[in-house]
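Enquirer: Give me a 3D structure for the following:
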Amino acid sequence: LPIQNPSEALKSLRIEARGIFREQSYKTGREIKDLSTKLEQLQTIRYGSYIVARTQTELGIRVSEAYELIKNFDKYYNKAESVVEGLKGKGNHIYSPKQISPNLAKEIKRVKEIPSYSTYMRDLKSVGIERSHDFRVTYAKQEFIEKLEQGKEYKEALREVSEEINHHREEMTSYYLKRA
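Expert: Numbering: from 1, shown residues only. Model (predicted):
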């Protein structure tokens, strides 16, 4: 039976997760609460960290992919269509073209220096973000809920989110949603 209510769908995923993972090793609540506030805080700490976080937030990509994109933006940015294309993800799988806001594109082009990974992680922790991967979990949850609210069936919404975050197995995306 398709689950139409997004909160019901997420509750169902969490219940399933408890059956799969031991309670101690399975951490839920990975969605970043007050995301816009945390991004504002990052902007005041270090502009480069803010841009990496914004890139992860808007595109739902891994931190390594955000660094690659920012460092080589002209290689991946198709200005005519406002998309990022050709970006390789984990396992050398190439993302489908992803829309990028003109505002973020301008901000990426303005970045003079991006922080080291360890500095970025310290900056995230200072605003209460435990892991950079939590941006992907947050993105996946928000996209999944949006698709369900648009009336898409559960499996269709899951498949589309999987494609957006460059997962080739829907089970991985389901795992993210269970942790959100």
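
Enquirer: List the buried residues of stretch 76-83.
Expert: Neighbour counts using 16 or more other Cβ atoms under 10 Å place Tyr76, Tyr77, Val83 of stretch 76-83 among the buried residues. In short, each C-beta sits where N, CA and C put it, glycine included.

Enquirer: Take those residues and keep only those in helices.
Expert: Tyr76 (DSSP state H).

Enquirer: Same list, the buried residues of stretch 76-83, but as a markdown table with pLDDT and distance to Tyr176 please.
Expert: As requested, the buried residues of stretch 76-83 are arranged in a markdown table below (pLDDT from 0 to 100; distance: Cβ to Cβ, whole Å):
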| residue | pLDDT | distance to Tyr176 |
| --- | --- | --- |
| Tyr76 | 98 | 23 |
| Tyr77 | 98 | 26 |
| Val83 | 97 | 23 |
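
Enquirer: Switch the buried residues of stretch 76-83 over to TSV, and while doing so, append distance to Ile145 to every line.
Expert: Listed next are the buried residues of stretch 76-83 as TSV, based on distance: Cβ to Cβ, whole Å:
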residue	distance to Ile145
Tyr76	28
Tyr77	28
Val83	23
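
Enquirer: Between the buried residues of stretch 76-83, which sits nearest Glu31?
Expert: Set against Glu31, the nearest of those by Cβ to Cβ is Val83 (26.1 Å).

Enquirer: Now do the helix or strand hosting Thr37, average pLDDT.
Expert: Assigned by DSSP states H and E, Thr37 belongs to helix 35-45. In this model, helix 35-45 carries a mean pLDDT of 97.

Enquirer: Pull out the buried residues from it.
Expert: Leu35, Lys38, Leu39, Gln41, Leu42, Ile45.
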